[in-house]
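> Need a 3D model of the following:
(one chain, ligands or ions: 1)
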Amino acid sequence: MKRVLVLAGTSQARELIGVMPVGIEVTASLAGVTREPVDLGCATRVGGFGGVDGLVAYLRAARIDVLIDATHPFAAQMTRQAAEAATVAGVAHVILQREGWTPEAGDDWRFVDEFDAVAGIIPEGCTVFLGTGRQTLEQFANMTGRRLLCRVIDPPQRDFPFAGGQFVVGRPPFSIEEEVAFFKGEAVDWLVVKNAGGARSRSKLDAARQLGLPVVMQRRPALPDAPVVRNVGDCLTWLADQG
Ligand code: NAP
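Below you'll find the predicted structure:
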C-alpha cells in the first residue's frame, strides 16, 4: 500500500482525492484556515507542520512515500517548504497546480506583483471588490478614499482592519449571473483578483468583462524547482509512473 500525503485546501485537491486509485492510502492536510472545511472523505490532519523540519519529521513518522502539493498557487510558503522537505526526506514529490488565467478579447486587466501597487492604479472614490481573501487585507491599508468589499467564506469575527472596508460573506462557486448581479448591486467599479486559475472562479472575471469593469490581477509567485502537473489526470499518470 503506497502512502500519499496531499497538501490540500483547494478544489483541485478535493477532486484528486475523490479519484485516487485503489492501493493508495491517502492522507489530506489542511492548514486550518477555513473554520468548517468540506469533508474530503479521507484521513485528514489539520494545522501547520512547523516549517520544513516539522514536515520532514511528519513524512518520516507517517512513512509517506509520495507528497502531492495541491495547495493554492498563492500558498507560496507551503509550496517552497514542501519541495525542500521532500528533498530532505527523499520522498517523491509533485506540484499539482492548474494553469493561470489569461485575458480574452474584451478583458481589461492590469497586472501587479504586490498589492501595495494597487493604490497607484485605482483612483479614490471607487468601489473595489477584493477577491483576494482576508489574509491579504493589511496589504490594502494604503487604499484610503476607496470603498473596499472583501469577500470571505466565514463570517468575520472582527471588524474590517481599517476604515473604508466591509466584509461580504459567501461560499464559492458563484455563477456569472450571480456575480453580475452582485457587482451591479454594490456599484463595483474595479476588481482586485489573484491569478488563481480554474473555470469555476473565472465567473467573476467573465462578469467583469460583461459589465466593462477593469481588473487588477496579481501575478503568481514563482514555483520551486520540482515537477509540476496542471490537472488531476496528469497527476494520476505521474503517480502511476512512481511504481
Ligand atoms: P502559505 O502562506 O503558503 O503557508 C503558511 C503556512 O501555513 C505554512 O508555512 C504551513 O505552516 C501552513 N500550511 C499551508 N498550507 C498547509 C496545508 N495544506 N497543510 C498544513 N499546513 C499548511 O499558505 P496560505 O496562503 O496561508 O494558504 C493556506 C491554505 O489555504 C493552503 O492549504 C492553501 O491551499 C489554501 N488556500 C490558499 C489561498 C491563497 O490565496 N493563499 C486560497 C485558497 C486556499 P507550517 O510552516 O507550520 O507547516
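> Just say helix, strand or coil for the residue most central in space within the chain.
Nearest to the mean C-alpha position of the chain, by C-alpha atoms, centre = their mean, lies residue 72 at 3.4 Å. Assigned with DSSP: H, G, I helix; E, B strand; the rest coil, residue 72 falls in the coil class.
> Which residue comes closest to residue 73 once chain neighbours are left out?
Leaving out its chain neighbours, the residue that sits closest to residue 73 by C-beta to C-beta, 6 or more residues apart in numbering is residue 220, at 5.0 Å. C-beta here means a position set from N, CA and C on the backbone, and glycine is covered the same way.
> thought the one you found was touching residue 100?
Yes: here residue 220 lies in contact with residue 100, judged by C-beta atoms under 8 Å, at a distance of 5.7 Å.
> Would you mind grabbing the residues shared as contacts by the two?
Counting by C-beta atoms under 8 Å, 6 or more residues apart in numbering, the contacts common to residue 220 and residue 100 are 73, 195.
> If we ignore the residues flanking it in sequence, what's nearest residue 114?
Nearest non-adjacent residue to residue 114 (C-beta to C-beta, 6+ apart): residue 139, at 7.2 Å.
> Return the residues in contact with that neighbour.
Residues near residue 139 by C-beta under 8 Å, 6+ apart: 114-116.
> Give me the secondary structure label for it.
Applying three-state DSSP: residue 139 is helix.
> Likewise for the one 10 residues further on?
The three-state assignment at residue 149 reads strand, by three-state DSSP.
> Report the beta-bridge partners for it.
Listed by DSSP bridges, the beta-bridge partners for residue 149 are residue 129, residue 166.
> State the pLDDT value of it.
Model confidence at residue 149, expressed as pLDDT, equals 98.
> swap in residue 199?
89.
> Would you mind measuring from it to residue 79?
22 Å (C-beta to C-beta, to the nearest Å).
> before we move on, what about residue 10?
From residue 10 to residue 79 the distance is 12 Å (C-beta to C-beta).
> Mind listing the shared neighbours of these two?
Common neighbours of residue 10 and residue 79, counting by C-beta under 8 Å, 6+ apart, are residue 71.
> low pLDDT regions in the chain?
Along the chain, the model assigns pLDDT under 70 to no residue.
> For this protein, which residues are neighbours of the ligand?
7-10, 29-31, 33, 48-51, 54-55, 71-72, 74-78, 81, 133, 194 (C-beta under 6 Å from any ligand atom).
> returning to that earlier point: hang on, the residue nearest to residue 73 in a strand?
No: using three-state DSSP, the assignment for residue 220 is coil, not a strand.
> Tell me how many other residues crowd it.
If you count neighbours by other C-beta atoms under 10 Å, residue 220 ends up with 16.
> gap between it and the ligand?
10 Å (C-beta to the nearest ligand atom, to the nearest Å).
> what about that residue, distance to residue 108?
Residue 220 is 20 Å from residue 108, by C-beta to C-beta.
> repeat for residue 46
From residue 46 across to residue 108, the span is 40 Å (C-beta to C-beta).
> next one: residue 123
Taking C-beta to C-beta, one finds residue 123 at 15 Å from residue 108.
> how about the lengthiest helix in the chain as PDB, C-alpha atoms only?
Identified as the longest helix of the chain according to DSSP state H is helix 76-89. Output in PDB follows, covering the C-alpha atoms of helix 76-89 (Å, rounded to 0.1, in the frame of the first residue of the first chain):
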ATOM      1  CA  ALA A  76       3.900  30.000  -1.800                       C
ATOM      2  CA  GLN A  77       5.500  29.400   1.500                       C
ATOM      3  CA  MET A  78       3.900  25.900   1.900                       C
ATOM      4  CA  THR A  79       4.900  25.000  -1.700                       C
ATOM      5  CA  ARG A  80       8.500  26.100  -1.100                       C
ATOM      6  CA  GLN A  81       8.700  24.200   2.200                       C
ATOM      7  CA  ALA A  82       7.100  21.100   0.700                       C
ATOM      8  CA  ALA A  83       9.700  21.000  -2.100                       C
ATOM      9  CA  GLU A  84      12.600  21.300   0.400                       C
ATOM     10  CA  ALA A  85      11.100  18.800   2.900                       C
ATOM     11  CA  ALA A  86      10.500  16.200   0.100                       C
ATOM     12  CA  THR A  87      14.200  16.500  -1.000                       C
ATOM     13  CA  VAL A  88      15.500  16.200   2.600                       C
ATOM     14  CA  ALA A  89      13.200  13.200   3.400                       C
END
